[in-house]
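*Asks:* need the 3D shape of this:
(4 chains)
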2 protein chains.
Amino acid sequence: MEKISLILVDDHQMFREGLHLLLSKLNEIDKIREASNAAELFELLKQEVPQLIFMDIDLPGTDGIEITREVLKSHPSINIIALSMYADEVYYLPMIEAGAKGFILKNSGFDDVENSIKRVMAGKYYYSQEILSGLISARNRKKHQQKKNNDLSERETEILQSICLGLSNIEIAEKLNISKRTVDKHRENILQKTKTKNTAGLVMFAIKNGIIPMQ
Amino acid sequence: MEKISLILVDDHQMFREGLHLLLSKLNEIDKIREASNAAELFELLKQEVPQLIFMDIDLPGTDGIEITREVLKSHPSINIIALSMYADEVYYLPMIEAGAKGFILKNSGFDDVENSIKRVMAGKYYYSQEILSGLISARNRKKHQQKKNNDLSERETEILQSICLGLSNIEIAEKLNISKRTVDKHRENILQKTKTKNTAGLVMFAIKNGIIPMQ
DNA sequence: ACTTTACTCAGTATAAATACTTAGTTGCAT
DNA sequence: ATGCAACTAAGTATTTATACTGAGTAAAGT
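*Replies:* Below is the predicted model of the structure:
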């Protein structure tokens, strides 16, 4: 198996040196270089192109996401694994869009680093499990939020759904085989219950409360 | 460290036996039992409660998702790891909601099984990388969908946002210091461009196209 | 120079939504 | 059996939204 040459990009020297030491114990690793910012990285790239880059996201000046885009534009073959303190989607989604093959958290174990190298160098992707738990818990939070605080009756829910579909009261009345005035009344009651004052408010309420599917 | 007692639930005998053999080589595992359906599983649960269950999703009769819900209702302390042939979100999302702590694919390596046991028994989640990348790519797809196909001008976008906030045309006119008739006209143009026919349609369009934040 | 686009404003008319009030029916629960 | 909640319906009035037409100005691009 070919030995791996890699570059660590991080503005904290201590972190860089620690990771450097840990990585140097791996047999697969051949050469490790370090950069603390974009300029240093591009200088290293001129000298020799590595197979792998560990890229910190929170860099002063040009951030890791922007650097990743630039590096991949000129060197598409390099595998980039993102490093972040936080499992927040405002970090990893842009990073993945930028082309990072992996995303691991700084406070996860070194086995995460090892696994990420193995998978990414095999042409696969690798994401920390913590990211998923963030996604899942966000999903669950939303699901729970949606279920509660919904005092609408069945009929009212049905009518609110129809409103969101863009139907007028007359059309809803025809669809449900009831009087237009009844729909008027329901709509009025829904406005009261949802504490909104017009159609726009109704639709927003419906979405926030999961009354209409809108993932 | 306490030894783990677990149950394998799968309707394919050969798969069950193979996984049984592999698992029996792990030091952490103490006792392995097998069930091929819901009835057999609940029979085993009566005899002795395990710490862990590997649950196949595609079971004849009551499926793995439903069984997971029932098991966790009566035995919330049991850790359940789902097994599936497919990395499809129609499988894993309901399974996660049902309370499974892990989700691995049948065609991934045995190290996935080992890792899932370690993490789940430590009170954490574990999901196959394939699932994580599926979730993330789904999110990326959505983000990209939102950006395109938005012919609205700046002013129109501004007005659409105000509409979504529940403002009437008069209120929007005051807010932007323009005539109410101008807002009328903008609104008319937005209706045309978005191919919608009323306020509800406008709000739905705004959400689908990411014109208003709505995570 | 010319066209296009965005933004602005108005007249006129109709349709729809909002507000407030009253009231009959049904089914369910205490 | 009594009351409550949901669903139904209508009268009346006002406010908003939608539709179609016409038009001026400013900026930007060809």
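*Asks:* ok, the nearest residue to A:S168 once chain neighbours are set aside to A:N79 distance?
*Replies:* Using CB to CB, 6 or more residues apart in numbering or on different chains and skipping residues adjacent in sequence, the residue nearest A:S168 is B:N198, 7.0 Å away. Heads up, the C-betas are built off the backbone N, CA and C, glycines and all. The gap separating B:N198 from A:N79 is 50 Å, by CB to CB, to the nearest Å.
*Asks:* one more: A:I53?
*Replies:* Distance, A:I53 to A:N79, by CB to CB: 7 Å.
*Asks:* check A:F110 too.
*Replies:* 18 Å.
*Asks:* before we move on, what about A:P213?
*Replies:* Taking CB to CB as the measure, A:P213 falls 38 Å from A:N79.
*Asks:* the more surrounded of those two?
*Replies:* For A:P213 and A:N79, the more surrounded residue by other CB atoms under 10 Å in any protein chain shown is A:N79, and the numbers stand at 24 against 7.
*Asks:* what strands line up against whichever helix or strand A:I32 is part of, and which way round?
*Replies:* Following DSSP states H and E, one finds A:I32 within strand A:29-35. Applying DSSP bridges, strand A:29-35 is found paired with strand A:4-9 (parallel).
*Asks:* the strand it pairs with: what's the following helix or strand?
*Replies:* Past strand A:4-9, the next helix or strand by DSSP H and E is helix A:13-24.
*Asks:* what angle do that following helix and strand A:29-35 make?
*Replies:* 170 degrees (axes from the mean of the first three to the mean of the last three CA atoms, to 10 degrees).
*Asks:* tell me the helices and strands packed up against helix A:13-24.
*Replies:* When contacts are defined as 3 or more CB pairs under 8 Å, 6 or more residues apart in numbering or on different chains; DSSP states H and E, helix A:13-24 packs onto strand A:4-9, strand A:29-35, helix A:110-121.
*Asks:* could you give the angle of that helix to helix A:110-121?
*Replies:* Using the same axes, to 10 degrees: helix A:13-24 against helix A:110-121 is 70 degrees.
*Asks:* and the contacts of helix A:13-24?
*Replies:* With contact meaning CB atoms under 8 Å, 6 or more residues apart in numbering or on different chains, helix A:13-24 is reached by A:L6, A:L8, A:D10, A:I29, A:I32, A:E34, A:S36, A:F54, A:D56, A:K106, A:F110, A:V113.
*Asks:* how about stretch A:71-91?
*Replies:* Counting by CB under 8 Å, 6+ apart, A:10, A:41, A:45, A:49-58, A:64, A:68, A:92, A:95, A:98-107, A:116-117, A:120-121, A:126, A:128, A:130-131, A:133-135, A:138, B:139 sit against stretch A:71-91.
*Asks:* restricted to buried residues, select these in ChimeraX.
*Replies:* Those of those that count as buried under 16 or more other CB atoms under 10 Å in any protein chain shown are selected in ChimeraX with:
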select /A:10,41,45,50,51,52,53,54,55,56,57,64,68,92,95,98,99,100,101,102,103,104,105,106,116,117,120,121,126,128,130,131,134,135 /B:139
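*Asks:* output the lowest mean pLDDT helix or strand found in chain A.
*Replies:* In chain A, the helix or strand scored least confidently by mean pLDDT, DSSP states H and E is helix A:129-147, which has a mean of 66.
*Asks:* any idea how far the residue of chain A positioned farthest from its centre lies from A:S153?
*Replies:* The outermost residue of chain A, judged against the average C-alpha position, is A:S179 (46.7 Å), by CA atoms, centre = their mean. Distance from A:S179 to A:S153, counting by CB to CB: 17 Å.
*Asks:* how is chain A partitioned into domains?
*Replies:* A:4-133, A:142-208 (automatic domain parsing).
*Asks:* weakest of those domains in terms of mean pLDDT?
*Replies:* In terms of mean pLDDT, the lowest-scoring of these is domain A:142-208 (a mean of 87).
*Asks:* establish whether that one and DNA strand D are in contact.
*Replies:* Yes: applying CB under 7 Å from any atom of the strand, one finds domain A:142-208 in contact with DNA strand D at A:151, A:153-156, A:176, A:178-182, A:184-186, A:198.
*Asks:* show me what from chain A comes close to DNA strand C.
*Replies:* Going by CB under 7 Å from any atom of the strand, the residues of chain A near DNA strand C are A:S168, A:N169, A:I170, A:D184, A:K185, A:R187, A:E188, A:L191, A:K197, A:N198, A:T199, A:L202.
*Asks:* if we ignore the residues flanking it in sequence, what's nearest the third one?
*Replies:* By that I understand A:I170. A:K180 (5.2 Å).
*Asks:* right, and that neighbour touches A:E171 too?
*Replies:* No: taking contacts as CB atoms under 8 Å, A:K180 lies outside contact range of A:E171: 9.3 Å.
*Asks:* winner for burial among the helices and strands packed on helix A:13-24?
*Replies:* Neighbour counts (mean count of other CB atoms under 10 Å in any protein chain shown) averaged over each of the helices and strands packed on helix A:13-24 peak at strand A:4-9, with a mean of 22.
*Asks:* CA atoms only for it - export them in PDB, please.
*Replies:* The C-alpha trace of strand A:4-9 is given here as PDB (Å, rounded to 0.1, in the frame of the first residue of the first chain):
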ATOM      1  CA  ILE A   4       0.200   8.800   2.600                       C
ATOM      2  CA  SER A   5       1.500  12.300   2.500                       C
ATOM      3  CA  LEU A   6      -0.700  14.800   4.300                       C
ATOM      4  CA  ILE A   7      -0.900  18.400   5.500                       C
ATOM      5  CA  LEU A   8      -2.500  19.700   8.700                       C
ATOM      6  CA  VAL A   9      -4.200  23.100   8.400                       C
END
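*Asks:* what's in contact with it?
*Replies:* Here strand A:4-9 has contacts from A:16, A:19-20, A:23, A:28-37, A:41, A:44-45, A:48, A:50-56, A:59, A:64, A:67, A:117, A:121, using CB under 8 Å, 6+ apart.
*Asks:* please apply the same query to stretch A:169-181.
*Replies:* A:E158, A:I159, A:S162, A:I163, A:L167, A:T182, A:V183, A:D184, A:R187.
*Asks:* next one: it to chain centre, how far?
*Replies:* With CA atoms, centre = their mean, to the nearest Å as the basis, stretch A:169-181 stands 42 Å off its chain's centre.
*Asks:* same check on stretch A:16-32?
*Replies:* For stretch A:16-32, the distance to the chain centre is 29 Å (CA atoms, centre = their mean).
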